[in-house]
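*Asks:* give me coordinates for this.
(chains A and B)
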Number of protein chains: 2
Amino acid sequence: MTDLPQRITIHEEGPREGFQIEAGPISTADKVSFCEALAETGLHEVQCVSFVDARRVPGMADAMEVAAAIRQRPDVHYTGIALNLRGYERAVTTPLHITGGLQMSASNTFSQHNTNKNNEETLREQRRQMQFFKDSGIRVDSAIVMTAFGCNFEGAIAPETVRDCVGSLLKIADEFEVTLDRVRLADTVGWASPLQVQRVLGVVREQWPDLHLSLHLHDTRGTGLANALMALQMGIDDFDSSCAGLGGCPFAGHKGAAGNICTEDLVFMAQEMGIETGIDLDALIECARMAETIVGHALPGKIMHGGSLSKYRQGAHG
Amino acid sequence: MTDLPQRITIHEEGPREGFQIEAGPISTADKVSFCEALAETGLHEVQCVSFVDARRVPGMADAMEVAAAIRQRPDVHYTGIALNLRGYERAVTTPLHITGGLQMSASNTFSQHNTNKNNEETLREQRRQMQFFKDSGIRVDSAIVMTAFGCNFEGAIAPETVRDCVGSLLKIADEFEVTLDRVRLADTVGWASPLQVQRVLGVVREQWPDLHLSLHLHDTRGTGLANALMALQMGIDDFDSSCAGLGGCPFAGHKGAAGNICTEDLVFMAQEMGIETGIDLDALIECARMAETIVGHALPGKIMHGGSLSKYRQGAHG
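*Replies:* Numbering: from 1, shown residues only, chains lettered A, B, ... in the order given. I've put the predicted structure just below:
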């Protein structure tokens, strides 16, 4: 395991994922408290809300209020996402740290189902959006390739297809003279296995050895942390995840399927392997338990139920 | 990942784990049906019951009836476990495939809490038990080292301690002229990380390069399949697991903590990595859903909620 990173960065997406999918209603005050508690754990980023149509996503009806109410620490980025220009126009009026991103899906069919655009149309849309970011002074920090490990419509995705998508997005970034902080590969519908992670990372790395890659993994089929382990073994040091495993997968076969990998379980694994996270695991576990209290039902995270090892270690006489 | 095994063997422990810990009551007929369904999936072993004191474990009060009622396939081992001679005496009167085993804990303190014996006393007890197996014509097939990756009382366990335990058990096997099919290393209280798995396997392997090692992993803190991945990468081809993630961990900090790793999630991961399991994943997922129906609540397994990929692959036009 010689390629293990010394330190990883985690982008916390739990609040946005959770408030978006939970039946709720969850009070604005609870949302704010949860975001504030997460920011006390050492996480450098907390994705708080998404600026989407409240008729489609009722849990985000108070996104503007949540964004305005959070008492911000200076060392944490409180972020929000938008899916279109209308969303960005609202987002930039809040105190959140709003950045732009490039995105496409490695599956043309998924794109058509999800956004009603094929990949060619998506790339044209990305250029229009980049122009908007430029005109609005919104910094563009990342690109994401969705369904990078498989797709419910197209099945397996060839690593070379993912590489070509990365190439297309990097080309647009270049056209706009933007240097991306990271390129995210997303297992949007939970197809990844450790072998597929290895293959896709390998092919993309071969083309761009110095590109900063980040993984957005789901735990739809239980292999989430195993996929993360494979990525760690290949030196990946940047992950999206969700406290308590908040969220879910609207594309899974059954309601109740798991969504993003669980932040505190990932932090536990990393720390046990000697990888720094900068995060106070026990404080993060308390956040996960707070999340369960807020949503009123059990969430998928494991270590919040199993308990951390710190108290056993302190008490150990071995 | 050059050391990946071509094929793995899985020892299914779900029925015994589940019936033992679930509040129930679960009908004898349901228990029998579940064991029979599991045996249709390609699993070579189904651990059906434990022969324990029904006053302490009410869910095992009908162990004799379950064992007698199962319609056995000739190509499957239907097994049961016993914790003491009294249990073995009942077990061997059933149609189950009963074998003996050697066991000890790498943590002396865990042993004292769990069995009221220190390690020296445990080894004496093991010799008495081996004599009983010999006298009763019970074949001894395995040894297990419990808390091999950490202990709530003693904290971290040195890999060398595990190696010494394996040595002690192999010595007893030798004394009785028994060749073990496998030596099982158990993460009894869910302390293992991929790094610890690598270290412990490495130290034991160094001493006995040809010893057939098997892992009994728990998912108490979410790293279960990541630990399994590390073991696969080191060529381990033999695992205990539990359909639907049935069971739990009585030693965890909180009620509701996960127990053994989930069989169908492990099978999914293995198959996606090109490793044969001999198991029909879709049939196994149906068993996991059957388990949820029987116990009447959600169980930890992921792929039974996420859905297998086979139908998507069949429908894929990519």
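*Asks:* for stretch A:156-168, which outside residues touch it?
*Replies:* A:104-107, A:119, A:123, A:143, A:145, A:147-151, A:183, A:185, A:191, A:196, A:199-200, A:202-204, A:207-208, A:211, B:313, B:316, B:318 (Cβ atoms under 8 Å, 6 or more residues apart in numbering or on different chains). All C-beta atoms are positioned from the backbone trio N, CA, C, and that covers glycine.
*Asks:* just the buried ones among those residues, please.
*Replies:* Neighbour-count burial (16 or more other Cβ atoms under 10 Å in any protein chain shown) applied to the contacts of stretch A:156-168 gives A:104-107, A:119, A:123, A:143, A:145, A:147-151, A:183, A:185, A:191, A:196, A:199-200, A:203-204, B:316.
*Asks:* would you pull up the residue in the stretch 51-200 of chain A closest to chain B?
*Replies:* Residue nearest to chain B within the stretch 51-200 of chain A: A:Gly155 (2.9 Å; Cβ to the nearest Cβ).
*Asks:* give me the number of residues near that residue?
*Replies:* A total of 18 residues lie near A:Gly155 under the criterion other Cβ atoms under 10 Å in any protein chain shown.
*Asks:* in contact with the residue nearest to A:Ala186 when sequence neighbours are not counted: list those residues for me.
*Replies:* Among residues not flanking A:Ala186 along the chain, A:His216 sits closest, at 3.9 Å (Cβ to Cβ, 6 or more residues apart in numbering or on different chains). A:His216 sits next to A:Ile144, A:Arg184, A:Leu185, A:Ala186, A:Asp187, A:Thr188, A:Phe239, A:Asp240, A:Asn260 when contact means Cβ under 8 Å, 6+ apart.
*Asks:* which of the residues you listed fall in helices?
*Replies:* Among the contacts of A:His216, none falls in helices (DSSP state H).
*Asks:* for the nearest residue to A:Gly245 once chain neighbours are set aside, give me the pLDDT.
*Replies:* Leaving aside its chain neighbours, A:Gly245 sits nearest to A:Pro300 (3.4 Å; criterion: Cβ to Cβ, 6+ apart). pLDDT for A:Pro300: 92.
*Asks:* you'd agree A:Pro300 is in a strand?
*Replies:* No. Assigned with DSSP: H, G, I helix; E, B strand; the rest coil, A:Pro300 falls outside any strand and is coil.
*Asks:* for the closest residue to A:His218 other than its chain neighbours, helix, strand, or coil?
*Replies:* In space, and not counting its chain neighbours, A:His218 is closest to A:Gly190: 4.2 Å by Cβ to Cβ, 6+ apart. Judged by three-state DSSP, the three-state class of A:Gly190 is coil.
*Asks:* go through the contacts of A:His216 and name the one nearest B:Gly137.
*Replies:* A:Asp187 (52.1 Å; Cβ to Cβ).
*Asks:* tell me if I'm right that that closest one and A:Ala226 touch.
*Replies:* No. Counting by Cβ atoms under 8 Å, A:Asp187 stays clear of A:Ala226, with 12.0 Å between them.
*Asks:* sorry, back to before: out of the buried ones among the contacts of stretch A:156-168, which are inside helices?
*Replies:* A:Asn119, A:Leu123, A:Gln196, A:Arg199, A:Val200, A:Val203, A:Val204.
*Asks:* so which of these reach chain B?
*Replies:* Restricting those to those within reach of chain B (Cβ under 8 Å from any Cβ of the partner chain) leaves A:Gln196.
*Asks:* what's the pLDDT at the residue nearest to A:Ala186?
*Replies:* The per-residue pLDDT reported for A:His216 equals 97.
*Asks:* where do the helices sit along the stretch 51-200 of chain A?
*Replies:* Listed in chain order, the helices of the stretch 51-200 of chain A (DSSP state H, counting those that start in this stretch) span A:63-69, A:85-91, A:108-115, A:119-136, A:159-175, A:194-207.
*Asks:* contact partners of the second one?
*Replies:* With Cβ under 8 Å, 6+ apart as the contact definition, helix A:85-91 has outside contacts at A:50-52, A:63-64, A:80-82, A:98, A:100, A:129, A:132, A:136, A:138.
*Asks:* closest to B:Met230 out of those?
*Replies:* Of all the contacts of helix A:85-91, A:Ile81 has the smallest distance to B:Met230: 34.0 Å, by Cβ to Cβ.
*Asks:* ok, and the closest non-adjacent residue to A:Asn152?
*Replies:* Here the residue nearest A:Asn152, using Cβ to Cβ, 6+ apart, is B:Tyr312, at 4.7 Å.
*Asks:* what is the most widely separated pair among the contacts of A:His216?
*Replies:* Pairwise distances across those (Cβ to Cβ) peak at 15.0 Å, for the pair A:Thr188 and A:Phe239.
*Asks:* tabulate the CA atom coordinates of the helix or strand in which A:Asp282 is found in CSV.
*Replies:* Using DSSP states H and E, A:Asp282 maps to helix A:281-295. In CSV, the C-alpha atoms belonging to helix A:281-295 read as follows (Å, rounded to 0.1, in the frame of the first residue of the first chain):
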residue,chain,number,x,y,z
LEU,A,281,-13.9,11.5,14.6
ASP,A,282,-15.8,11.5,17.9
ALA,A,283,-17.3,14.9,17.1
LEU,A,284,-18.3,13.7,13.7
ILE,A,285,-20.0,10.6,15.1
GLU,A,286,-22.0,13.0,17.3
CYS,A,287,-23.1,14.8,14.2
ALA,A,288,-24.2,11.6,12.7
ARG,A,289,-26.3,10.8,15.7
MET,A,290,-27.7,14.3,15.5
ALA,A,291,-28.7,13.6,11.9
GLU,A,292,-30.6,10.5,13.0
THR,A,293,-32.4,12.5,15.6
ILE,A,294,-33.3,15.2,13.1
VAL,A,295,-34.6,12.8,10.4
